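[1] have a look at this fold, sequence not included:
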């Protein structure tokens, strides 16, 4: 280890709620109007992360306007795109519903947007969420898909559905009165509508939803406002006080009888947590390597009570501050400065409600001294890979730097530094990764040695490989091949002569 580094990050967090702490990126909210096919958010394979369609699509009317809910768990410079496919997870590019939705820098968390669905019914249609990351070269994406079904509007001869679904059940407070939970009905169900009321108990039934109207979060109904709508079975209020009513609704917009819940958040239990993730720009997420680009360390905190902001401070081994910023939960560093080192960070979280009880989270990053990518030397002569020695009469020889396994996307930025050339007249490519020379040498063993560098650091130990260059064996001025042919012809002549005798 070249040096020891202990970085401590002071994260003073109050009033910030991050819905997810998984090492992930973007996904449909599982308790939103269009739950994803699974809860993973690190799917990089389009169009749907190789996740098959499920059997319980969210059902809407064709042409209906709904509110979509999704979440980002790790910030990337970029934007979101939402597209539609009528069948088979194909044709998303032809029906882009929303595009260029900018990603907030801090903190990662929930997003919502209104969208009007296509007007044609479909049985197995899909909504695709893409997180486009512009801080990657080339830009890369994360994918999440939600199964939906679009039904036809009621025609002139159709029977209008006016039957309300059954109400929710088991409505109650949970988790020390921090969370509301319930159970949804199993039939004729499309979602729930949760209202927060400012009125007294005997006035709650004056703020009822109207049949045929689909509401969104923030809509006002008399003295009440919509705080949640979707297919989930739980909700955490953002503030204390207030009374709640909960309705189930079907795809026709019929609402069940209300279920009421009285305020119970007089003194919430203190809850605080800190999580840390890291990722490296330029390599496939299998570790941290000194030669493969900047590393992003991001700290997230979860708190339900308190007030304040975030402060992130990073110190070196001697205690000197190398990074400090109010409102920051992210640190980016160049791993080439710590090749072969183990970085031991301490992330501390502090909330104003319990300043005497900070949370301390140790976090270790091992920095491999070279690169994830593994270069090697390959010899060519006459356009063919040499598996044995070269010969002086078979054309120019090329020594090429290639890679075992994956090839880095920025290979054009790599360069090579060769030791003293053992042959004269050699020609190097512009980045030095290829060396060519004429083969007109006498019999000799030539050893080549080269060091490979990325844009930021040495990629691997020096490569060293020998090549034998032989002169073809000749007898009496004739190559061995011609001598063999003449010998065979002589034997054939002798056999014919003996046959005549």
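    Arrived safely, thanks for sending. Predicted model only: the values in this text are computed from it and were never measured. Numbers count the residues shown, from 1 in each chain.

[2] please parse the protein into its domains.
    5-15+270-368, 26-151, 179-261, 376-470 (automatic domain parsing).

[3] how far does the last one stretch from one end to the other?
    What it means is domain 376-470. In domain 376-470, first residue to last residue: 23 Å (C-alpha to C-alpha, to the nearest Å).

[4] what of the longest one?
    Distances were taken as C-alpha to C-alpha; on that basis the terminal residues of domain 26-151 are 28 Å apart.

[5] picking that back up, ok, which of the domains of the chain comes nearest residue 161?
    domain 179-261 (4.0 Å; C-beta to C-beta). C-beta coordinates here come from the backbone N, C-alpha and C atoms, glycine included.

[6] how about low-confidence regions in the stretch 351-500 of the chain?
    Confidence mapping of the stretch 351-500 of the chain against pLDDT under 70 gives the ranges 351-363, 441-443, 455-459, 473-487, 490, 493-500.

[7] and the helices in it?
    Defined through DSSP state H, counting those that start in this stretch, the helices belonging to the stretch 351-500 of the chain, from first to last, are 480-500.

[8] quick one: the strands in it?
    359-368, 374-381, 384-385, 390-391, 397-404, 415-418, 427-428, 434-437, 444-453, 463-470, 474-475, 478-479 (DSSP state E, counting those that start in this stretch).

[9] still on that earlier bit, got the domains of the chain as JSON lines, with distance to residue 162 and mean neighbour count columns?
    As requested, the domains of the chain are arranged in JSON lines below (distance: least, C-beta to C-beta, whole Å; neighbours: other C-beta atoms under 10 Å):
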{"stretch": "domain 5-15+270-368", "distance to residue 162": "41", "mean neighbour count": "18"}
{"stretch": "domain 26-151", "distance to residue 162": "15", "mean neighbour count": "18"}
{"stretch": "domain 179-261", "distance to residue 162": "6", "mean neighbour count": "17"}
{"stretch": "domain 376-470", "distance to residue 162": "58", "mean neighbour count": "15"}
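
[10] can you put those domains in JSON lines and add distance to residue 170?
    Shown next, in JSON lines, are the domains of the chain (distance: least, C-beta to C-beta, whole Å):
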{"stretch": "domain 5-15+270-368", "distance to residue 170": "23"}
{"stretch": "domain 26-151", "distance to residue 170": "16"}
{"stretch": "domain 179-261", "distance to residue 170": "5"}
{"stretch": "domain 376-470", "distance to residue 170": "51"}
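
[11] between those, which gets the lowest average pLDDT?
    The minimum mean pLDDT among the domains of the chain belongs to domain 5-15+270-368 (a mean of 63).

[12] rewinding a little: would you turn the strands of the stretch 351-500 of the chain into a markdown table with distance to residue 31?
    Below are those laid out as a markdown table (distance: least, C-beta to C-beta, whole Å):
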| stretch | distance to residue 31 |
| --- | --- |
| strand 359-368 | 26 |
| strand 374-381 | 44 |
| strand 384-385 | 57 |
| strand 390-391 | 67 |
| strand 397-404 | 44 |
| strand 415-418 | 51 |
| strand 427-428 | 60 |
| strand 434-437 | 56 |
| strand 444-453 | 49 |
| strand 463-470 | 54 |
| strand 474-475 | 83 |
| strand 478-479 | 80 |
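
[13] any idea whether residue 246 is helix, strand or coil?
    In three-state terms, and counting by DSSP: H, G, I helix; E, B strand; the rest coil, residue 246 is strand.

[14] ok, it touching residue 255?
    No. Residue 246 is beyond contact range of residue 255, at 10.4 Å (criterion: C-beta atoms under 8 Å).

[15] return every residue with contacts to both of the two.
    When contacts are counted by C-beta atoms under 8 Å, 6 or more residues apart in numbering, the set common to residue 246 and residue 255 consists of residue 193.

[16] returning to that earlier point: closest one to residue 337 among the strands of the stretch 351-500 of the chain?
    Each of these has some distance to residue 337 by C-beta to C-beta; the shortest is strand 359-368, at 8.9 Å.

[17] now the strands for the stretch 1-150 of the chain?
    In the stretch 1-150 of the chain, the segments counted as strands under DSSP E, counting those that start in this stretch are 5-12, 26-28, 58-61, 65-72, 78-85, 96-102, 110-116, 122-133, 140-151.

[18] an error on my part: the question was meant for the stretch 151-300 of the chain.
    Assignment of strands within the stretch 151-300 of the chain using DSSP E, counting those that start in this stretch yields the ranges 169-174, 179-183, 191-197, 220-221, 224-230, 234-235, 243-249, 259-261, 272-280, 288-289, 295-303.

[19] on that earlier part again, between the domains of the chain, which gets nearest to residue 167?
    domain 179-261 (4.2 Å).

[20] now do the closest one: distance to the chain's middle.
    Centroid displacement of domain 179-261 relative to its chain, using C-alpha atoms, centre = their mean, to the nearest Å, is 34 Å.

[21] now do stretch 74-87
    Taking the mean of its C-alpha atoms, stretch 74-87 sits 12 Å from the chain's own mean (C-alpha atoms, centre = their mean).

[22] and that stretch, end to end?
    31 Å.
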